[in-house]
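Participant: Here you go, sequence then predicted model.
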Amino acid sequence: MTPAPFHGNFDRMNNILGLGILALGIVLLIFGFNESQSLGSDISRFFSGHPTNQAVWLIAGGAASVVVGLILALRGVRRE
């Protein structure tokens, strides 16, 4: 069987998509760390011992996006 004619374009698109998701993850991590240092998070941490839910979700979402972005970006590079 012959390979699909657009196979190389699909890998390139995964690589670009992976880099975009990686960049989004880095931005979410930055926002999450900034949120965790905010006055609202300090007050929440003072009373409950935990940062705000928004900071936790931003950091968790950023970390997950970084992992998925790295997997997609590196998977495209490995196949070349």
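Facilitator: Received, thanks. Numbers count the residues shown, from 1 in each chain.

Participant: for this protein, what's the longest helix?
Facilitator: Identified as the longest helix of the chain according to DSSP state H is helix 7-36.

Participant: Name the next helix or strand downstream of that helix, please.
Facilitator: helix 39-48 (DSSP states H and E).

Participant: For that next one, buried residues please.
Facilitator: 41, 44 (16 or more other Cβ atoms under 10 Å). Every residue, glycine included, has its C-beta placed from N, CA and C.

Participant: quick one: contacts of that helix?
Facilitator: 35, 50-52, 55 (Cβ atoms under 8 Å, 6 or more residues apart in numbering).

Participant: And stretch 52-66, by the same measure?
Facilitator: Contacts to stretch 52-66, defined as Cβ under 8 Å, 6+ apart, come from residues 21-22, 24-33, 35-36, 38, 40-41, 44, 50.

Participant: PyMOL command for the buried members of those residues?
Facilitator: In PyMOL, a selection of the buried entries from those looks like this (16+ other Cβ under 10 Å):
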select buried, resi 21+22+24+25+28+29+31+32+35+36+41+44
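
Participant: What residues does the closest residue to Gly20 other than its chain neighbours make contact with?
Facilitator: Spatial nearest neighbour of Gly20, chain neighbours left out: Gly69 (7.3 Å); criterion: Cβ to Cβ, 6 or more residues apart in numbering. Shown in contact with Gly69 (Cβ under 8 Å, 6+ apart): 18-25.

Participant: before we move on, the earlier item: just checking, which of the contacts of helix 39-48 belong to helices?
Facilitator: Using DSSP H, the contacts of helix 39-48 in helices are 35, 55.

Participant: Which residue, neighbours along the chain excluded, lies closest to Leu70?
Facilitator: Per Cβ to Cβ, 6+ apart, closest to Leu70 is Leu22, 6.0 Å.

Participant: Can you verify my assumption that that neighbour contacts Ile71?
Facilitator: No: the pair Leu22 / Ile71 is not scored as a contact, 9.6 Å apart, by Cβ atoms under 8 Å.
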